[in-house]
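In: I would like to see how this sequence folds:
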Amino acid sequence: MPSIPTPSPRRSSRRLAPLAGAIGLALCCSALADDAVEPDARELETVVVTATGVQQWIKDAPASISVITREEIERKPVSSIGQLLSTVPGVTGGYALSGAQSKIRLRGLPEQYTLILIDGRRQGNSSGVNYRDDLGPQDLNWLSADMIERIEVVRGPMSSLYGSDAMGGVINIITRKIAPEWRGSATYNYSRPDASDRGDTFQIGAQFSGPLTDALGLRVGASLTDRASDTGAGKTPGNQAENLNALLHWRIGDDHTLGLEASRGVQRASGAGEVAAWGLSKLVHRGYVATHDGRYGDAATSKTTLAQNEYEDEGSDVGTWSKETVLDAVFNTGFDWGVAHALNVGGQWKREQLRNPSTIGTVPVTWAGSGRIAPENEADAWALFAEDHLSLHDAFTLTLGLRWDNTENYDDNLSPRVYGVWHPSADWTVRGGVSRGFRAPNLKQGTAGAATQSRGNGCSSLVVEGWTNRSVNADGSTGCYMAGNPDLEPETSTNYEIGAGFDRNGWSVAATYFHTDFDDKIEQAPLRDLPGFDSSFVNGYWWTVAQNIEQARTRGIEASLVVPLHERLTWTVNATRMLESKNRSTGANLLVVPKITANASLDWRVSDAWSLNLSAQHIGEQLVATEAGSRSGPTFAKAYTTWDLATGFDVNRHLTLRAGVRNLTDESTLEEGNNYDGGARTYFVGLTARY
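Out: Just a heads-up that it's a prediction; the model follows:
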């Protein structure tokens, strides 16, 4: 392993000063801390909330759900939560730190079909602030990793509970609770690639929480991640992320609590040499949340949340921003009318606002009237839902759900769900169901005067419609304009899944088959396909318009296995096989996903204080260019496997050290023909101090 370089004085003082203060505080206060510690994340990993909105054992959850625990989060440093999510069955993406392959996709569906939540509430969406929605990173990293207790991943549509954008599934990031006595932690990680043209990464973070009075508690967290840019074509650009979050929790008597939360994050993108920056040069997120939790007797609870998330492009001077304001209210109760019921009813009001002068109002609305529109747009949406969990037998629970969504400018939508969970014995679980997914067009897609330009890649799917990547426009440029359409309808899907699992004495095996049929899928199509147009050229330029023209299907199998080889040695493996990901209208591939992905992990608890972990990730053959986008037919990249080695040592209950190697064999995704950079062999060291 190469020696770890000493950072320059400027970089060192900027990063190490706050770290030294945080660690010093943690260590000096440890002698005064109570001997009680927070529960180990492993004690909580079988309890989930995302599938129903209330706590339940994961074996009883009416959905396919996986949990990433606190222990896994701390095992090795990650620059993006996507790197953690990439190891979950049914998940593809997270293989790179920038570009399309950094995006997380559930069951072969594009990233816009995945709803991201924090503590069950919507995180908002920054994609509309970019020139094109696909040109920026996913909104997964607006929270310090030190503040995360676990991450719950629900694969499959959850529109009956969460509405639009949950057609592919839900990622719910659960934060750590305010401690009953003052506790905290500080983390430092340093990663250095084994290559001179690769940038190193510094990470620092800290969080603390505790009571201000008998009824009032406070939690504060902050973090900084700074990755230097690589040099050389095809490599990874640099980025910096800063996050700050504060939560004030007030207990009003024994049955009611109020919460006030504020957060601010900044993400900066940079490049060097031939490496182009990924995302906006400076994207700022501000979040504000007010919550009320109530308990009424022994069988009823309520939760009301008012949240606002704002995203602003502060790297430009045109004033681009988006805002989402959401009011959620849900009431849970249980009763027995011959059959035990657990009933959730609730509603939601949501307002989305977007100002993007680079996209909205940039062109005359030639297909919906004349003139230009203002660069701002907004829409309101209302929803009501009910979900009942019926215990028809000691071993069988049936979930019936229905959600009504009223989205401005679109027809009302109903999203039903029927799901059953059967335990034929204490060790076996059989689950399955049918549900309807729903996704309303976003503000750009539904605005006629919104248009973005592609220099070719965004239009490559239109080759079969007559588009060519030669110079086709009046000024000799290539590419096409992609416009919105106010006449769109929401996308819908019908989804089926069936699975079974076995758990006994640490052994576990499970498999699930999933199948999704899309209707009214929104894609760009030539302008000439609209009534009244006989050409796709307007003023000498090729135009496409968002239209509900396609049907699509995805099918696949997820499987997992846990084997306790020894009381201190556990082997875990999971795999996902995509059987189909097709556009049923054209026969083309729906998106580029590997045919098979697999993850394996060997965990060895050498002693009570020392642990070792060896993990592998296999990415199967995948399509990198469709036949429509390539003159020589479809192009596939070769399969490859990467290995990681990590070790951790608990010096005492207040200090943990860790070290390891990512991509142990220095596997290059670029050499295997992929169109993304998976990174080089990288060494890391780190520590976490607690008080």
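In: For the spatially closest residue to E408 that is not a sequence neighbour, list each beta-bridge partner.
Out: Among residues not flanking E408 along the chain, A379 sits closest, at 4.3 Å (CB to CB, 6 or more residues apart in numbering). To be clear about C-beta, it is placed using only N, CA and C from the backbone, and glycine gets the same treatment. When bridges are called by DSSP bridges, A379 pairs up with E352.
In: which residues touch E274?
Out: By CB atoms under 8 Å, 6 or more residues apart in numbering, E274 lies in contact with 231-233, 235.
In: do D328 as well
Out: 121, 303-305, 307, 346-348.
In: how about a cut-off of 7 Å?
Out: Neighbouring residues of D328 by CB atoms under 7 Å, 6 or more residues apart in numbering: 121, 305, 346, 348.
In: Give me the neighbour count for the first one.
Out: So the one you mean is R121. By the criterion of other CB atoms under 10 Å, R121 has 19 neighbours.
In: measure it to T407 for me?
Out: Plainly put, R121 is 19 Å away from T407 if you go by CB to CB, to the nearest Å.
In: pLDDT below threshold where in the stretch 551-691 of the chain?
Out: 588-592, 625-634 (pLDDT under 70).
In: And the stretch 351-500 of the chain, by the same measure?
Out: 364-372, 455-478.
In: again, only this time at 80
Out: Where the stretch 351-500 of the chain drops to pLDDT under 80, the residues are 362-374, 454-479.
In: sorry, back to before: only whichever of the contacts of E274 are buried, select them in ChimeraX.
Out: Selecting only the buried entries of these in ChimeraX, with 16 or more other CB atoms under 10 Å as the criterion:
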select :235
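In: What ranges does the stretch 401-550 of the chain have for its strands?
Out: Ranges of strands within the stretch 401-550 of the chain are 413-422, 428-439, 451-454, 480-483, 491-504, 507-526, 537-538, 541-566, based on DSSP state E, counting those that start in this stretch.
In: which helices and strands does the third one pack with?
Out: Right, the one you point to is strand 451-454. Under the contact criterion of 3 or more CB pairs under 7 Å, 6 or more residues apart in numbering; DSSP states H and E, strand 451-454 touches strand 480-483.
In: what about the closest residue to S209 other than its chain neighbours, which helix or strand?
Out: Residue nearest to S209 in three dimensions, not counting chain neighbours: R219, with 3.7 Å by CB to CB, 6+ apart. Per DSSP states H and E, R219 falls inside strand 216-227.
In: List the neighbouring strands of that strand plus their orientation.
Out: For strand 216-227, pairing defined by DSSP bridges yields strand 201-211 (antiparallel), strand 238-252 (antiparallel).
In: can you list contacts of stretch 382-395?
Out: 52, 160-161, 163, 339-349, 397-406, 422-424.
In: Counting neighbours, which of the residues you listed end up buried?
Out: Neighbour counting over those (16+ other CB under 10 Å) leaves 52, 160-161, 163, 342, 344, 346-348, 397-403, 405, 422-423 as the buried ones.
In: Next step: the residues you listed restricted to helices.
Out: Counted as lying in helices by DSSP state H, out of these, are 160-161.
In: picking up where we left off before, using TSV, lay out the strands paired with strand 216-227 together with distance to Y296 and mean pLDDT.
Out: Formatted as TSV, the strands paired with strand 216-227 follow (distance: least, CB to CB, whole Å; pLDDT from 0 to 100):
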stretch	distance to Y296	mean pLDDT
strand 201-211	25	96
strand 238-252	14	96
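In: could you measure E387 against I116, distance?
Out: In terms of CB to CB, E387 sits 21 Å off from I116.
In: A440 now?
Out: 17 Å.
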